[in-house]
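**Student:** coords please:
(chains A and B)
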Protein chains: 2
Amino acid sequence: MPLGDTALPCTRDDALALDRADPLAPARARFVLPQGVTYLDGNSLGALPKGVAERVAQTVAHEWGEGLIRSWNAAGWYDSPGRIGAKLAPLLGAAPHQVTVTDTISVNLFKLLVAAARLRPGRKVILAERGNFPSDNHIVESVARMLGLTARFVPAADIATAIDADTAVVELSHVNYRTSEIQDMTVVTRAAHQKGALIVWDLAHSTGAVELHLDRDRADFAVGCGYKFLNGGPGAPAHVYVAEQHLSTLDQPLTGWFAHAAPFAFDDDFRQAEGIRAMLCSTPQMLSMVAFEAALDAFDGIAMRDVQAKGRALGDLMIALSDERLAPLGVGVASTREGTRRGNHVSLTHPEGYRIMQVLIGRGIIGDFRAPDVMRFGFGPLYVRYADVFDAVAALEEILKTGGWRAVPAAPAGAVT
Amino acid sequence: MPLGDTALPCTRDDALALDRADPLAPARARFVLPQGVTYLDGNSLGALPKGVAERVAQTVAHEWGEGLIRSWNAAGWYDSPGRIGAKLAPLLGAAPHQVTVTDTISVNLFKLLVAAARLRPGRKVILAERGNFPSDNHIVESVARMLGLTARFVPAADIATAIDADTAVVELSHVNYRTSEIQDMTVVTRAAHQKGALIVWDLAHSTGAVELHLDRDRADFAVGCGYKFLNGGPGAPAHVYVAEQHLSTLDQPLTGWFAHAAPFAFDDDFRQAEGIRAMLCSTPQMLSMVAFEAALDAFDGIAMRDVQAKGRALGDLMIALSDERLAPLGVGVASTREGTRRGNHVSLTHPEGYRIMQVLIGRGIIGDFRAPDVMRFGFGPLYVRYADVFDAVAALEEILKTGGWRAVPAAPAGAVT
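**Tutor:** Model (predicted):
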C-alpha cells in the first residue's frame, strides 16, 4: 500500500512488505533492542545504539580509572564539546565550527535568549509560541523578567505575522512536541530578519528526525536534544548552534570557565573564548558526553532525507490505520495529517489516554502520555518498523474494544509520564 | 615523627609507619588505582571507586537498553537528584531535604546568586573574594550585570568586615583553590547575617575533604563539586544546598521543567516545585548521575572528622618535607601553614613549576599546575598514603637537583593543565 493515497486497509503482511522494501531497515541492527518490546517512544528516549556500552565502559575503567586527570588531554575530554558538535553538524545542515554540545536545552535556551536580546538593544519583546513545550516558555518568561523585556506568546501559525519592529527575539520549536507540526524554518526566519529580529529555534523534536538546513535557512541560533532521536542516552547533553555572523559578538550570561579564552590562565578578568566555545559554561559531564558521542555513530552513512521520509511514512501509516480502526472507538488524531509538515511522532487522543497507555506499555508496546489526553508515538526511523506501527494500532484496537483499560487506576497526582 | 611539632627529618620508613597507624588506610581498598601511579590530584579529579563501573554498565545495558523510557520511574532516574542529595547531605552537615544534585557549580552559582539577591531587594552589592577561583567571580559579575547590582571583590580576609547594609549577597569559597586556606564558616556567615546579607558558600574544595556543618553554621546557600574529593567521575554533577528557611521563598532564574511543581502536567504557567526540587532546571545527565551516586558509597562509615584530620596530617608532612628538602632548591609554600585553616591540598611554588610538574607526571607522580607558578598536590584522604607524599617530595628533590625539567618545553599557549 503506497501511503497517503491508495489501497487501504493495510494488513500486517502489507506492513511486513514495507519493511522488506525499507532502505533504512539494515540500520536496526545498529541498536540493542529488548526482546518482546515494540518501542515507539524514541521521541522521549532513543534506543541504545550498539557500541555505546563499550565506549562508556572504556571511559570509566581506562580513561578515568587509569588515565585519571591526564585524560582531560590524553583522552580528548577537554575538546569533546566542539568535537562532538562538529560530528553532529551535518545532521543540522551546519558548518562544524558552529555547533557544540553542552548542558541542557533549557540552560542553553537561557544563554541564547539573553545573547540574542543583547544583540537587539532597545527592542522590548521576546516573541514565542503559545503551546510550545512549557519549559521553553518558562525560560522565555524568566529571561524577559531579568532583562526587563516583555514575553509575548502567540500560536505558531501567527508567529511570522506577529513579528514587528519591537521584537528583539523570536523563539520557536521547529517540531511541536504535541502536534508534531513542523514550522517552515526558511519562512519564519526570513520574517524575523525582515523586521530586524533574531530567531532561536528549538530543535528538540527535529535533530535526528527530520532534515535540517540551519545554514541555508539563515537561522541565528538553535538548541537541540541529545536523548531523543539522537539516541544519546538518558539526559544526554544538549547541542547548540550559533550562526557564523554571531560567533564574534556573542555575549551570553553563564560565563563559566569553559567559556573563557584561556581557562587555565586563571585570570581574574573574563575574556570570552573565540568561536562556539563561548557557549560553554563549565566542566562537561563526561560519561554522558562519551555515550552521546558514540551514539552518533548510528547515523554514519545515513541521509537525513531518508530518515525524514521514513518517519513521515510511519506516521502516515499510523494515522491511516487509526482513522480506519481507532476513530470508530473514540480516538482522535492531534497531529497534523499533512506528512510534509509533520515530524517523527504522531499524537492520538482519547479521554482515557493515560489508562490506555498503561495497558499498552504493560503489553510491551511503549509510547508515552502527555496530559490531558495525548497518546504519543515516536518513530526512531533507524529502528522502528512498519510492522511495529501496525502492531501498536492492533493492540490499541483490542484494548479499546475489550475495555481492558478500565482496570487501570486513573493517573495519580504528579504522575511521571 | 608526630607532625607539626617534633622529630624532623622524616624518612620513608617514618611515612610507612604513619600509614600502618592510619585508621583510614583500609579505605584505599575501595578504589581502583593504577599500578605505578602516585596520585596527588584528587582535588581535580578523584580516583575511581570500586563498584562505579558496574553500576554505570548496569544503567547503560539494562536500565537504558532494556528498560528504555520506563526507567525514569522504574530505575529511579526521576527521583535521583533529591535521592543523591539526601545521600550526600551528612557530608555537608545538612538535613537531607536541603540538598540536591544537578548541573555544574557555575550554573548553580548563577541560580543561587540571583535567588539570594532577589531575597534582598534594594541592596546593591554582591561581595565576593578577590583571588577566588575565577569562574566564580565571572558568574558574580554576570549576575550583577543582569540584576543591575555592583560586584565588589576584596581579599578573603577582608570579607567579613567589608559587609555592610548595602550588601545583598556574599559569595565565598570555603577552601581557596590555590592557597587551600579555609574560611571560618561560622564567623563569616554570622557577619553577613548581622548586616542583613545572605551568603553563598562555594564548597568546591571542601565537600569530601573537610568537615562541614552547614546547618549548624546557618549557611544560606552552598554549591559543591562532585568530581574532586567526592570521586564522582569526570565532570560529575554539582550539588546544591538551600537552608530550610529559604526553600519556600526561593526564586531562581533557570526555570526549566524539572523545577516545575507538576512537570508532567505541561501547564503553560510556571508553578515552582516545593522544596529543593526548585533548584533543578532540566533533565539530568543520568550516566554521570549514577556514577556519582555509586561513588558516594566510598564514604560509607567514614567520619569526615577523620578525613579532615588525615588531610591535614598529609599536608603538614608535605610542608615539613618541602621546607627541609625543597626550600633550599627554590621551592616556596603558597598554602597556609596553619593546619587547622588548610584544606586537603598543598600548593608549592617554583618559577619553573609547569616544567617541573611535567617531569613529575611523566614519572607517574601526578599533581597539577596552576598558573603562574603553583604546583598543586591534593590528598584524597581515602586513598592517599603518607608514603605517597614522601615519594612526591623525594622525586621533586631529585628533579630539581638534576635539572631534569630543563629538557621540557615551556607551557604552550592555552595549555590545559
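
**Student:** for the rest of this, base every contact and every neighbour count on C-alpha atoms.
**Tutor:** Will do.

**Student:** check the offset of the longest strand that chain A contains from the chain's centre.
**Tutor:** Longest strand of chain A, by residue count under DSSP state E: strand A:167-173. Put simply, strand A:167-173 sits 18 Å off its chain's centre (C-alpha atoms, centre = their mean, to the nearest Å).

**Student:** next: stretch A:155-171.
**Tutor:** 22 Å.

**Student:** give the buried residues for that stretch.
**Tutor:** A:156, A:159-160, A:162-164, A:166-171 (16 or more other C-alpha atoms under 10 Å in any protein chain shown).

**Student:** check contacts around the closest residue to chain B within the stretch 251-400 of chain A.
**Tutor:** For the stretch 251-400 of chain A and chain B, the shortest gap (C-alpha to the nearest C-alpha) falls at residue A:285, measuring 4.1 Å. Applying C-alpha atoms under 8 Å, 6 or more residues apart in numbering or on different chains, one finds that residue A:285 lies in contact with B:234-237, B:285, B:288.

**Student:** and the two most separated of those residues?
**Tutor:** Maximum pairwise distance among those (C-alpha to C-alpha): 12.7 Å, between B:234 and B:285.

**Student:** so what are the domain limits for chain A?
**Tutor:** A:12-50+A:303-405, A:79-299 (automatic domain parsing).

**Student:** output these as JSON lines; include the columns distance to residue B:43 and mean pLDDT.
**Tutor:** Output for the domains of chain A, formatted as JSON lines (distance: least, C-alpha to C-alpha, whole Å; pLDDT from 0 to 100):
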{"stretch": "domain A:12-50+A:303-405", "distance to residue B:43": "34", "mean pLDDT": "96"}
{"stretch": "domain A:79-299", "distance to residue B:43": "14", "mean pLDDT": "97"}
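
**Student:** and these: which comes nearest residue B:116?
**Tutor:** Comparing those by C-alpha to C-alpha, domain A:79-299 comes nearest, at 14.3 Å.

**Student:** where do the helices sit along the stretch 51-200 of chain A?
**Tutor:** Ranges of helices in the stretch 51-200 of chain A, per DSSP state H, counting those that start in this stretch, are A:52-58, A:71-74, A:80-92, A:105-118, A:134-147, A:159-162, A:185-194.

**Student:** among those, which is the most enclosed?
**Tutor:** helix A:105-118 (a mean of 25; mean count of other C-alpha atoms under 10 Å in any protein chain shown).

**Student:** does any bit of it sit next to chain B?
**Tutor:** Yes - Helix A:105-118 comes into contact with chain B (C-alpha under 8 Å from any C-alpha of the partner chain), by way of A:105-107, A:110.

**Student:** which outside residues touch that helix?
**Tutor:** So helix A:105-118 is in contact with A:102, A:123, A:126, A:135-136, A:139-140, A:143, A:147, A:168-169, A:198-200, A:204, A:221, A:223-225, A:238-240, A:250-254, A:279, B:254-256, B:281-282, going by C-alpha under 8 Å, 6+ apart.

**Student:** one more: stretch A:138-157?
**Tutor:** So stretch A:138-157 is contacted by A:106, A:109-110, A:113-114, A:124-131, A:162, A:171-172, A:183, B:146-147, B:253-257, B:268-270 (C-alpha under 8 Å, 6+ apart).

**Student:** could you do stretch A:59-76 as well?
**Tutor:** So stretch A:59-76 is contacted by A:77-78, A:287, A:290, B:32-34, B:41, B:44-48, B:53, B:233-234, B:416 (C-alpha under 8 Å, 6+ apart).

**Student:** ends of it, how far apart?
**Tutor:** 11 Å (C-alpha to C-alpha, to the nearest Å).

**Student:** what comes up buried for that stretch?
**Tutor:** Under 16+ other C-alpha under 10 Å, the buried positions of stretch A:59-76 are A:59-72, A:75.

**Student:** just how off-centre is it within its chain?
**Tutor:** Distance, centroid of stretch A:59-76 to centroid of chain: 30 Å (C-alpha atoms, centre = their mean).

**Student:** with stretch A:275-282 instead?
**Tutor:** 21 Å.

**Student:** which residues are in contact with it?
**Tutor:** So stretch A:275-282 is contacted by A:82, A:97-100, A:102-103, A:108, A:111, A:240, A:242, A:247-248, A:250, A:252, A:254-260, A:272, B:104-107 (C-alpha under 8 Å, 6+ apart).

**Student:** can you give me the end-to-end distance of it?
**Tutor:** 16 Å.

**Student:** what would the buried residues of stretch A:155-171 look like in a markdown table with distance to residue B:209?
**Tutor:** Formatted as a markdown table, the buried residues of stretch A:155-171 follow (distance: C-alpha to C-alpha, whole Å):
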| residue | distance to residue B:209 |
| --- | --- |
| A:156 | 52 |
| A:159 | 53 |
| A:160 | 55 |
| A:162 | 55 |
| A:163 | 54 |
| A:164 | 55 |
| A:166 | 52 |
| A:167 | 50 |
| A:168 | 47 |
| A:169 | 45 |
| A:170 | 46 |
| A:171 | 44 |
